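**Q** Need a 3D model of the following:
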Amino acid sequence: MTRSSVRAHRAQDSQSPVSGLEIDILRETGDWPAPAEGWVRRAAEHAYVVAGPSEEAELCIVLADDAFVRKLNKTYRGIDKPTNVLSFPMSAMPVATGGEHMRAGDGQTLLLGDVVLAQETIAREAAEQAKSFSDHLSHLVVHGILHLLGHDHEDDVEAEEMEALERDILEDLGIADPYAAEHARGDV
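**A** Down below sits the predicted model:
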């Protein structure tokens, strides 16, 4: 296969017919269940349909383990421990020429960035919170995609807005409010 035919084949397999979102899912490390890619794709597509712009876009989701995510977390955030999800928005990365952010235009696809997920942390949190692995994974994918789209939770107002959007997206997917237990305990 030539490089262009590999790209065309990959694009055919990764392009959403609904959202115009091209999703590359990489199994880097970790003991991920066989249907994980389907759960990830479904959550990412729906988050983009609900919260994204009405243009074609591309992103990468990396399925990894705690050791892989811990290295990234230490390198990019200065925190020497794993976390459940990391988002690396392309909008935060200056393009090599001119320092402008990569945006769609003139036929270019909008490059959103990367979402990296830690299998062991997600499994542990799901068990601790009495949630299914697939539901917790889907929530974290939605959370990561919203970060790529510019949402954040740095202050209470931003956090409430982002959580409300997450709840709406997850409800559409048939997934229970991930923050319900925290709100009942008064943690949020």
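**Q** do you know how far residue 119 is from residue 155?
**A** With distances taken as CB to CB, to the nearest Å, residue 119 is found 31 Å from residue 155. Just so you know, the C-beta spots here come from the backbone N, C-alpha and C atoms, and that holds for glycine as well.
**Q** Could you check which of those two has the larger neighbour count?
**A** A direct count of neighbours by other CB atoms under 10 Å for residue 119 and residue 155 places residue 119 higher, at 25 against 8.
**Q** which residue sits closest to the more buried one in space, ignoring its chain neighbours?
**A** Excluding the flanking residues, the one nearest residue 119 by CB to CB, 6 or more residues apart in numbering is residue 30, at 3.4 Å.
**Q** Does that neighbour touch residue 62 like I think?
**A** No: counting by CB atoms under 8 Å, residue 30 sits too far from residue 62 to count as a contact (9.7 Å).
**Q** so what sits against both of those two?
**A** Listed as contacting both residue 30 and residue 62 by CB atoms under 8 Å, 6 or more residues apart in numbering are residue 68.
**Q** where along the chain do the helices fall?
**A** According to DSSP state H, the chain carries its helices in the segments 3-14, 36-51, 66-77, 119-128, 133-148, 156-172, 180-185.
**Q** now those as TSV including distance to residue 111 and mean pLDDT?
**A** Listed next are the helices of the chain as TSV, based on distance: least, CB to CB, whole Å; pLDDT from 0 to 100:
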stretch	distance to residue 111	mean pLDDT
helix 3-14	14	39
helix 36-51	13	94
helix 66-77	18	95
helix 119-128	25	96
helix 133-148	10	96
helix 156-172	22	92
helix 180-185	33	62
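**Q** Return the most buried member of these.
**A** Neighbour counts (mean count of other CB atoms under 10 Å) averaged over each of the helices of the chain peak at helix 133-148, with a mean of 24.
**Q** Alpha carbons of it, as CSV, please.
**A** In CSV, the C-alpha atoms belonging to helix 133-148 read as follows (Å, rounded to 0.1, in the frame of the first residue of the first chain):
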residue,chain,number,x,y,z
PHE,A,133,-16.3,1.0,32.8
SER,A,134,-18.0,1.9,29.5
ASP,A,135,-20.0,4.7,31.1
HIS,A,136,-17.0,6.1,32.9
LEU,A,137,-14.9,5.9,29.8
SER,A,138,-17.5,7.6,27.7
HIS,A,139,-17.8,10.4,30.3
LEU,A,140,-14.0,11.0,30.2
VAL,A,141,-14.0,11.0,26.4
VAL,A,142,-16.7,13.6,26.4
HIS,A,143,-14.8,15.6,29.0
GLY,A,144,-11.6,15.4,27.0
ILE,A,145,-13.4,16.4,23.7
LEU,A,146,-14.9,19.4,25.5
HIS,A,147,-11.5,20.5,26.6
LEU,A,148,-10.3,20.3,22.9
